[in-house]
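# here is a sequence with its predicted model. Questions after.
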Amino acid sequence: MKVASTNDVLAKVAINKSLLKEYSNSEYSRIVYMGDNSEFQIQIFNPYSYTFGVDITIDNKSLGNRLIVKPGERIWLERYFTEARKFKFSTYEVSGTSREVKEAIAKNGEIELKFYREDEPIKISSIFHPLYSQKVYYDDYNYNLQGTSTCTTNYTNCNLELTSCAKDISCKPRSMTSYKSDAETFSFGPKTIETGRVEKGGYSNQKFETMNISFEYFVFHTETIKILPESQKPIQKSDLQKQYCSNCGRKLNPKYKFCPYCGFKVDMCPNQKTYVLEKCPNCGRNVRSTMDVCPHCGEILR
């Protein structure tokens with residue numbers, strides 16, 4: 001019997017049931033990249049001998065219901081629970097790199113999954129009394145444990161510590177040198193950042209059924225997957241010599257006769273020869289080495 005581990009990967013992101021390669025950086029351990037208006041699925045697999053439930057939050061918004069996954073079951077979730085519309089990643093651009101902008105888009109494209117084990121009531125003991133008999137079950141015991149929680153007390157103490165800590169912080173005026181440094185930072189004007197959120201895509205035929213199952217109160221496993229626009233994808237050596245569609249710019253398999261993304265005929269593409277992907281010196285997004293002007297920000301490249 002497989003034992004749950006914090007290192008287990010129970011959920012992955014896919015397009016057309018093809019799992020996307022995951023990357024990582026200093027901020028997120030699991031990142032996938034998508035193009036604009038990409039419809040996708042969330043694959044969830046249960047490798048354990050017990051049923052679990054999954055609470056899913058996308059863009060900091062809960063889907064509203066708990067998904068039930070039975071032992072050995074693999075589910076390709078492609079739609080919202082409350083509406084038969086598919087998940088679609090839609091990108092847009094924001095101006096500036098200020099703290100306020102970064103905080104506003106921090107949860108964009110973030111998928112958080114919390115897993116709960118099925119609650120199986122277990123008889124603990126039987127208590128006998130001369131006048132009556134009463135059985136104590138696991139459900140009653142669990143309820144009593146929750147009633148004695150000290151979460152509120154800890155939270156209050158934490159606030160008190162933060163308040164006292166804040167009083168010790170001394171605010172010193174910054175020197176003119178630091179102000180000059182800030183001015184130099186913004187001398188080139190605001191840059192644009194491409195970000196994306198999960199919107200409602202096409203209609204889905206996926207159906208659900210309602211089941212009456214109770215789950216444990218505590219989360220036994222949590223996973224977070226971040227979706228970022230393809231423009232933020234780092235260039236790797238394996239991507240430098242690839243064939244791309246001249247119509248939509250997506251990477252192609254040399255065996256394809258038609259582009260699987262836009263339907264453009266490959267032998268009509270004038271760029272059958274390979275070219276190199278570069279970074280725009282102004283916006284940092286991927287551009288082809290054959291381009292004279294960046295299509296994203298208008299920077300003159302050559």
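Alright, I've got the coordinates.
# what's the domain layout of this structure?
As assigned by automatic domain parsing, the chain contains the domains 1-122+191-231, 123-164, 235-302.
# for residue 82, helix, strand, or coil?
Secondary structure assignment for residue 82 (DSSP: H, G, I helix; E, B strand; the rest coil): coil.
# okay, now it: neighbour count?
Using other C-beta atoms under 10 Å, residue 82 has 9 neighbouring residues. Glycine gets a C-beta too; all of them are placed from N, C-alpha and C.
# tell me the confidence at it?
With respect to pLDDT, residue 82 has a value of 92.
# and it, what does it touch?
Taking C-beta atoms under 8 Å, 6 or more residues apart in numbering, we find residue 82 in contact with 63, 64, 65.
# hmm, try it at 7 Å
Applying C-beta atoms under 7 Å, 6 or more residues apart in numbering, we find residue 82 in contact with residue 64.
# coming back round to it: highest mean neighbour count out of the domains of the chain?
With neighbours taken as mean count of other C-beta atoms under 10 Å, the domains of the chain reach their highest mean count in domain 1-122+191-231, at a mean of 15.
# my guess is residue 216 contacts residue 115. True?
No - counting by C-beta atoms under 7 Å, residue 216 stays clear of residue 115, with 10.2 Å between them.
# where does the protein dip in pLDDT?
Residues of the chain that meet the criterion pLDDT under 70 lie in 1, 122-190, 236-242, 246-249, 267-276.
# which residues of it fall in helices?
With helices called from DSSP state H, the chain shows them at 99-104, 138-147, 151-168, 176-185.
# other SSEs contacting the shortest one?
Translated: helix 99-104. Using 3 or more C-beta pairs under 7 Å, 6 or more residues apart in numbering; DSSP states H and E, no helix or strand is in contact with helix 99-104.
# one more time with 8 Å, if that's ok
Contacting helix 99-104 under the criterion 3 or more C-beta pairs under 8 Å, 6 or more residues apart in numbering; DSSP states H and E are the following elements: strand 85-95.
# tell me which other helices or strands the strand it packs on touches.
strand 38-45, helix 99-104, strand 192-203.
# list just the one of those that sits closest to residue 80.
strand 192-203 (7.0 Å; C-beta to C-beta).
# list the neighbouring strands of the closest one plus their orientation.
Strand 192-203 has the following strand partners under DSSP bridges: strand 85-95 (antiparallel).
# alpha carbons only: can I get the strand it pairs with in PDB?
The C-alpha coordinates for strand 85-95 follow below in PDB (Å, rounded to 0.1, in the frame of the first residue of the first chain):
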ATOM      1  CA  ARG A  85     -17.000  25.900 -19.900                       C
ATOM      2  CA  LYS A  86     -13.500  24.800 -20.400                       C
ATOM      3  CA  PHE A  87     -10.400  26.300 -18.800                       C
ATOM      4  CA  LYS A  88      -8.700  28.800 -21.100                       C
ATOM      5  CA  PHE A  89      -5.500  30.700 -20.400                       C
ATOM      6  CA  SER A  90      -5.800  34.300 -21.700                       C
ATOM      7  CA  THR A  91      -2.900  36.700 -21.700                       C
ATOM      8  CA  TYR A  92      -2.700  40.500 -21.400                       C
ATOM      9  CA  GLU A  93      -0.100  43.100 -20.700                       C
ATOM     10  CA  VAL A  94       0.400  45.500 -17.800                       C
ATOM     11  CA  SER A  95       2.600  48.600 -17.700                       C
END
